[in-house]
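Q: let's see this in three dimensions:
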Amino acid sequence: MRKLTYLAIVAMAIGMVACTGGKKTGYVITGTVEGAANGDTVFLQELANRQFNKLDTAIIENGTFTFEGIQDSTVNRYLTCKVGEQSLMMDFFLENGTIKAQLSKNSDSATGTANNDAYQEIRSQIDVLNQKANLIYEALRDSTLTEEQKKAKMQEYSTLEEEMNKVKTSGITKNITNPVGVSLFKQNYYSMSTAENEALLQQIPANFQNDEVILKIKEVTERQKKTAVGEKFIDFAMLTPDGKPVKLSDYVGKGKVVLIDFWASWCGPCRRDMPNLVDVYAKYKGKNFEIVGVSLDKDGEAWKESIKSLHITWPQMSDLKFWNSEGAQLYAVNSIPHTVLVDGEGTIIARGLHGEELQKKLSEVIK
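A: Sure thing, here's the model as predicted:
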């Protein structure tokens, strides 16, 4: 019987890792790109420190592209391709198995493996809502719309945002013990309640517990708990638009129901939501109610100009520190607009209310 050489043994070992029944145990990604031509390049990329890094390339041949490799663990990655002047991009989960991908302008998909199938179920729902949102954007460009029609369209958009948050929250909850849920949680924790975040953190698998973003979420959640519904407000000091020092306690805890509105002039959703707050203030001003705006601006002139152009007439304060705003840090504000509703005694009674939810709550607490 012939002895196997060392190289032969290594070769056999590699073969055992790479092949099982003639099939590769790594990943094979095959896909199409809407509008792309033969010879166009598709990139496999990672997102690290807010920068995209190219990991691999594939050329489209006969209408399809293919990536092959072996992956040690499931990770979130991106497929990108420039089609004319437009860049198409989709994220998916790179894992061993056969993955079928489709990049398109409106409905991307990646299927064929457990995590991608789970993610696609969520993505398909979000794509439908995004398409509806795009139609609203297009409609708002119509210069003939009346103010009432614009307001109705904005309300439609707010409703879509609420639906989208529900889809994401449901998807996260269903998948929190796998990479899909953990990845979506890291991207969307800021729009979820403290109770939801705390419960989800306890379910995350051990191998994700020391992830940098998960550790950050834990810290944020602890700050959220200190400013959660039922807790007393935390005071802080800033400056008014004309440079005068002011404290939150100058308004809160003085007998009035106070809505603390975290916003910024550079924030599109904040500006879209502002007409709703203008209506709220007109309706309840003089009825033991006040709004205090806390701006995350960094440009004082832009802040002042927006106060004027958006018809904001309630008190405003800011330290012009952008996302390092002391108030935003204390109240664990990670996305804006964000509201905190406080009763006359200074106890927080609601967070994150907008649109109809805010109107309903105010009708309950202001008599």
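Q: can you pull the phi/psi pair for Trp314?
A: phi -90, psi 170 (degrees, to the nearest 10).
Q: please, which helix or strand holds the nearest residue to it once chain neighbours are set aside?
A: Of all residues not flanking Trp314 in the chain, Ile291 sits nearest, at 4.0 Å (CB to CB, 6 or more residues apart in numbering). Every C-beta, even on glycine, is put in place using the N, C-alpha and C of the backbone. Per DSSP states H and E, Ile291 falls inside strand 289-295.
Q: alpha carbons of whatever helix or strand comes next after that strand, as CSV, please.
A: Per DSSP H and E, the first helix or strand lying C-terminal to strand 289-295 is helix 300-309. Extracted C-alpha coordinates of helix 300-309, given in CSV (Å, rounded to 0.1, in the frame of the first residue of the first chain):
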residue,chain,number,x,y,z
GLY,A,300,-26.6,79.6,14.4
GLU,A,301,-27.7,81.6,11.4
ALA,A,302,-29.3,78.6,9.7
TRP,A,303,-31.1,77.9,13.0
LYS,A,304,-32.5,81.5,13.3
GLU,A,305,-33.5,81.6,9.6
SER,A,306,-35.4,78.3,10.0
ILE,A,307,-37.2,79.5,13.1
LYS,A,308,-38.5,82.4,11.0
SER,A,309,-39.3,80.6,7.8
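Q: so which elements touch helix 300-309?
A: Contacts defined by 3 or more CB pairs under 8 Å, 6 or more residues apart in numbering; DSSP states H and E place helix 300-309 against strand 316-318.
Q: what residues of the helix or strand following the strand it packs on count as buried?
A: Using DSSP H and E, the helix or strand that follows strand 316-318 towards the C-terminus is helix 326-330. Buried residues in helix 326-330, counted by 16 or more other CB atoms under 10 Å: Gly327, Ala328, Leu330.
Q: shouldn't the last one be in contact with Met238?
A: No - with the criterion set as CB atoms under 8 Å, Leu330 and Met238 do not qualify as a contacting pair; they are 11.3 Å apart.
Q: what separation do you get for Thr113 and Met89?
A: With distances taken as CB to CB, to the nearest Å, Thr113 is found 20 Å from Met89.
Q: over to Thr240?
A: Taken as CB to CB, the span from Thr240 to Met89 is 43 Å.
Q: same deal with Lys186?
A: 18 Å.
Q: longest helix of the chain?
A: Identified as the longest helix of the chain according to DSSP state H is helix 147-175.
Q: and after it, which helix or strand comes next?
A: Using DSSP H and E, the helix or strand that follows helix 147-175 towards the C-terminus is helix 179-188.
Q: just for the stretch 201-350 of the chain, where's the confidence low?
A: Residues of the stretch 201-350 of the chain meeting the criterion pLDDT under 70: none.
Q: how about the strands in it?
A: 237-239, 245-247, 257-263, 289-295, 316-318, 338-342, 348-351 (DSSP state E, counting those that start in this stretch).
Q: so how far is the longest helix of the chain off the chain centroid?
A: Distance of helix 147-175 from the chain centroid (CA atoms, centre = their mean, to the nearest Å) equals 13 Å.
Q: identify each buried residue in it, please.
A: 153-154, 157-158, 160-161, 163-164, 167-169, 171-173, 175.
Q: returning to what we had before: run through the neighbouring helices and strands of the strand holding Ile291.
A: Counting contacts by 3+ CB pairs under 8 Å, 6+ apart, strand 289-295 packs against strand 257-263, helix 268-284, strand 316-318.
Q: and if we set it to 10 Å?
A: strand 257-263, helix 268-284, helix 300-309, strand 316-318, helix 326-330, strand 338-342 (3 or more CB pairs under 10 Å, 6 or more residues apart in numbering; DSSP states H and E).
Q: adding distance to Leu201, write those out as TSV.
A: Listed next are the helices and strands packed on strand 289-295 as TSV, based on distance: least, CB to CB, whole Å:
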stretch	distance to Leu201
strand 257-263	23
helix 268-284	26
helix 300-309	35
strand 316-318	31
helix 326-330	20
strand 338-342	20
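Q: so for Gly35, which of these sits nearest?
A: Within the helices and strands packed on strand 289-295, the stretch nearest Gly35 is helix 268-284; the backing value is 28.0 Å (CB to CB).
Q: so how far is the closest one off the chain centroid?
A: Taking mean C-alpha positions (CA atoms, centre = their mean), helix 268-284 and its chain are 22 Å apart.
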